[in-house]
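# Got a predicted structure plus its sequence, pasted below:
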Amino acid sequence: MAALIRYRNAYNSIGTLLVPMLLAACMQAAPIQLPTTALPALQAANQQTTTISALAQWWQPWNDPVLATLLTRVGQQNTDLLAARARLQQTRRELSFVDRQFLPELHFITQDVVAPNGVDTFFQFGFDATWEMDLYGRKQARQRLGESELLKQAAQTRGLLISLTAEVLRSYLEMQAIAMQSDYVSHWLTINQQLESALEKQQQLGLEDRRARWPMQQAASKMRQQLAELQQQQQDNLWRLTVLSGMDQPDAAWAQRRMTTFPMLSLPSLPLSVLESSPGVMQAQAVVLRTAGELGLAHADLFPSITLTGGYFFSHNVTQNHTLQGEFNEAPAFGPNIDIPLLDLHKRLQHLQAEQSGLRASLLEYQSAVRQAWLDTHHDLLAFAAETAQLKEENQQNTQIQDHTLADRQRLQLGLGTTVTVLEDQLHELEHAVQTCQAQLRYSIAYLAVYKAVGGAYLESAEKKSTPMPQRQPG
């Protein structure tokens with residue numbers, strides 16, 4: 001009777017251990033909660049309200065069909081971008097195989113085996129099956145590891161797309177600005193030649209000193225040198241666009257297209273959620289996913305892993321039986337393969353604690369990435385505001401110079417002014433027009449930098465779709 005009681009107590013103890021283990025095997029890991037970061041709102045000069053979907057094609061304010069066609073061509077033909085998208089597709093397809101590791105596998109085997117005596121040969125055939133049980137969150141942990149790689153690849157592809165778009169737009173705008181400056185410089189050289197002719201006539205009449213033409217000649221030499229440099233920069237931009245768009249020769253439409261002025265731009269409202277589109281923040285999210293997956297595997301390694309195996313094999317002595325009508329030996333096999341951590345349990349516990357520290361570190365690094373993205377965006381917003389104010393000042397000065405030139409022309413018509421004065425006003429007006437064109441280019445590049453800082457402002461691309469993202473903690 002006492003022995004029966006001891007056996008019963010032993011079975012109760014085993015049951016007491018098995019029930020929590022079975023319950024733990026069925027539990028799923030908690031979802032990853034990204035920490036919230038308290039940051040001030042992103043404020044911009046000339047801010048206007050618009051929808052998030054309107055931010056996808058943020059180059060539309062220029063209303064340039066040539067530019068839109070160029071950007072489409074870059075997205076379809078750039079080899080670096082095509083390679084990155086192929087890598088992303090490869091990672092996405094590899095992720096679909098993670099679930100299959102926990103599905104039953106069936107293998108058929110045929111082989112010839114020589115007996116130890118070296119005389120008889122046996123023909124063996126049969127099948128074996130294995131099934132790794134999804135216990136203690138192993139499947140979910142491996143799924144997170146695959147999703148982290150997918151998110152990392154998506155961030156890299158997205159960053160490349162944003163950089164290419166920004167580089168193409170900047171090169172195209174520089175081409176337009178150079179074309180405008182070249183026209184101004186060419187016109188300036190023409191007016192300067194007219195001014196030299198007028199001064200020469202006055203010198204012949206003894207009204208001007210011979211040295212009055214020297215500053216004009218020196219300025220003309222500098223302008224011709226500047227014009228040559230602009231032409232060289234134009235060729236550089238043409239071939240840069242050619243390479244980025246995957247073409248062999250520059251498109252004639254790029255040089256034929258001429259802007260008369262740059263548009264005034266207005267930034268839409270930028271919610272803090274746009275920071276999640278930054279490739280740097282997406283990279284940090286990928287690290288969080290990877291660390292969570294490694295933590296899940298470390299947690300699962302504390303418990304037994306069970307793999308069900310089974311098979312049925314047949315063996316036939318082909319040496320003694322020349323046909324298949326002889327004797328067959330059969331050997332069925334079935335049973336679990338259980339890996340129980342006993343001797344290295346302490347080591348696995350230390351590994352679990354290390355992964356927990358790694359997850360905390362990755363969450364802190366994610367917060368740092370969000371703060372850095374906010375800081376970069378805030379800096380670019382301030383730079384855009386400064387360029388906006390500078391461009392407004394240039395436009396006001398340009399208006400004043402034009403009014404002054406118009407007044408001198410009216411005095412010339414009334415016989416109260418001279419041709420030399422009007423020509424000098426025109427030269428001054430063209431010089432300031434070149435400065436205004438340069439200010440417009442800096443202003444447009446500052447506008448471009450803002451969207452580059454926030455990850456292209458919700459670029460609608462294949463890289464962002466179907467990409468796993470960790471959940472955010474409620475604020």
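Nice, I can see it.

# any idea where the strands of the stretch 101-250 of the chain begin and end?
Taking DSSP state E, counting those that start in this stretch as the test, the strands found in the stretch 101-250 of the chain are 105-114, 121-132.

# Let me see the contact set for the closest residue to Arg348 other than its chain neighbours.
Nearest residue to Arg348, sequence neighbours excluded (CB to CB, 6 or more residues apart in numbering): Asp301, at 5.1 Å. (Glycine included, C-beta is placed from N, CA and C.) Contact analysis of Asp301 by CB atoms under 8 Å, 6 or more residues apart in numbering lists Pro341, Arg348, His351, Leu352.

# show me where the stretch 301-450 of the chain has strands.
Ranges of strands in the stretch 301-450 of the chain, per DSSP E, counting those that start in this stretch, are 305-317, 328-339.

# Now render those as CSV, adding mean pLDDT and mean neighbour count.
Compiled in CSV, the strands of the stretch 301-450 of the chain are given as follows (pLDDT from 0 to 100; neighbours: other CB atoms under 10 Å):
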stretch, mean pLDDT, mean neighbour count
strand 305-317, 82, 15
strand 328-339, 79, 11
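
# Could you list the single helix or strand in the protein with the lowest mean pLDDT?
Here the helix or strand of the chain ranked lowest by mean pLDDT, DSSP states H and E is helix 2-26, holding a mean of 45.

# Next secondary structure after that helix?
Next helix or strand after helix 2-26 toward the C-terminus (DSSP states H and E): strand 33-34.

# Going by neighbour count, list what's buried in the very next helix or strand once past that next one.
Later in the chain than strand 33-34, the nearest helix or strand by DSSP H and E is helix 65-77. Neighbour-count burial for helix 65-77, with 16 or more other CB atoms under 10 Å as criterion, is recorded at Leu67, Leu70, Leu71, Arg73, Val74, Gly75.

# Now the last one: closest residue in space, sequence neighbours ignored.
Leaving out its chain neighbours, the residue that sits closest to Gly75 by CB to CB, 6+ apart is Leu81, at 6.7 Å.

# which of the strands of the stretch 101-250 of the chain is buried the deepest?
The highest mean neighbour count among the strands of the stretch 101-250 of the chain, using mean count of other CB atoms under 10 Å, belongs to strand 121-132: a mean of 16.

# Let's see that strand as PDB, backbone CA atoms only.
Output in PDB follows, covering the C-alpha atoms of strand 121-132 (Å, rounded to 0.1, in the frame of the first residue of the first chain):
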ATOM      1  CA  THR A 121      24.000  -7.100 -50.800                       C
ATOM      2  CA  PHE A 122      20.700  -5.800 -49.600                       C
ATOM      3  CA  PHE A 123      18.300  -3.500 -51.500                       C
ATOM      4  CA  GLN A 124      16.600  -1.200 -49.000                       C
ATOM      5  CA  PHE A 125      13.600   1.100 -49.600                       C
ATOM      6  CA  GLY A 126      11.100   2.900 -47.500                       C
ATOM      7  CA  PHE A 127      10.100   6.200 -46.100                       C
ATOM      8  CA  ASP A 128      10.700   8.400 -43.100                       C
ATOM      9  CA  ALA A 129       8.800  11.400 -41.800                       C
ATOM     10  CA  THR A 130       9.700  14.100 -39.300                       C
ATOM     11  CA  TRP A 131       7.700  16.800 -37.700                       C
ATOM     12  CA  GLU A 132       9.200  19.500 -35.500                       C
END
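
# Can you pull out the low-pLDDT segments for the protein?
1-31, 43-58, 118, 199-214, 216, 268, 320-328, 455-475 (pLDDT under 70).

# closest one to Leu414 among the strands of the stretch 301-450 of the chain?
Closest to Leu414 of these is strand 305-317 (CB to CB; 100.7 Å).

# Can you list the neighbours in contact with that closest one?
109, 113, 120-133, 135, 138, 324, 326-339.

# can you give me the helices in this structure?
Taking DSSP state H, the helices of the chain run over residues 2-26, 65-77, 79-95, 138-204, 214-244, 252-256, 279-300, 345-413, 419-453.

# about what we covered before: tell me the spacing between the residue nearest to Gly75 and Leu349.
Using CB to CB, to the nearest Å, we find Leu81 at a distance of 46 Å from Leu349.

# Which one's more surrounded, those two?
Leu81 (22 against 14; other CB atoms under 10 Å).

# returning to what we had before: Val243: which of the contacts of Asp301 is nearest?
Within those, proximity to Val243 (CB to CB) peaks at His351, which comes in at 48.5 Å.

# Can you report how many residues neighbour the closest one?
If you count neighbours by other CB under 10 Å, His351 ends up with 18.

# Run through the residues that contact the residue nearest to it when sequence neighbours are not counted.
Leaving aside its sequence neighbours, His351 sits nearest to Ala298 (CB to CB, 6+ apart; 5.1 Å). Each residue near Ala298 by CB under 8 Å, 6+ apart is listed here: Arg348, His351, Leu352, Ala354, Glu355.
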